[in-house]
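Trainee: how does the following fold in three dimensions:
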Amino acid sequence: MTIRDTKQIGKQDNVNNNKGSYLTKENWEVMKPFVHFSAKALLAVGSTLYAVVRLIPKAIAHKSEDGKSDKVIKI
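Mentor: This is a model prediction of the structure:
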C-alpha cells in the first residue's frame, strides 16, 4: 500500500455525509485487527488467571480429621 492508499479512521471520502452514523464500514475495517487482538489477549489473560487461581490450595485441604492442622509453619 502506498501512502495515498492507507485507510484513516474517521475520514470519509464518499459524497453522502451522514452526520448521525459515526461508525462506518471503513472505520470497522481499520479497527478490526485491533479488536480481534484485544479479544484474544483478554481470553489469554483470563484463562491464565483462572489456571493460577485453580492451583491455589484450599484451606480445608490442610486440616486433618481430628480438626488439627497438619500444615507446618516455620518461623
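
Trainee: so where is the protein shaky, pLDDT-wise?
Mentor: Residues of the chain that meet the criterion pLDDT under 70 lie in 1-23, 59-70.

Trainee: show me where it has helices.
Mentor: Listed in chain order, the helices of the chain (DSSP state H) span residues 25-55.

Trainee: state the distance from K71 to N27.
Mentor: 57 Å (C-beta to C-beta, to the nearest Å). The C-beta positions use only the backbone N, C-alpha and C, and glycine is treated the same way.

Trainee: same thing with A44?
Mentor: From A44 across to N27, the span is 26 Å (C-beta to C-beta).

Trainee: those two: who's more crowded?
Mentor: Per other C-beta atoms under 10 Å, whichever of A44 and N27 has more neighbours is N27, with 16 against 10.

Trainee: how many residues are close by T24?
Mentor: By the criterion of other C-beta under 10 Å, T24 has 15 neighbours.

Trainee: any idea how many residues pack against I75?
Mentor: By other C-beta under 10 Å, the residues close to I75 number 2.

Trainee: what's the answer for E26, then?
Mentor: With other C-beta under 10 Å as criterion, E26 counts 16.

Trainee: I'd like the numbering to begin with 49 instead of 1 from here.
Mentor: Shifting the count to begin at 49 puts that one at E74.

Trainee: tell me the spacing between it and K80.
Mentor: According to C-beta to C-beta, E74 and K80 sit 11 Å apart.

Trainee: how about K88?
Mentor: As judged by C-beta to C-beta, K88 and K80 stand 13 Å apart.

Trainee: now A92
Mentor: Plainly put, A92 is 19 Å away from K80 if you go by C-beta to C-beta.
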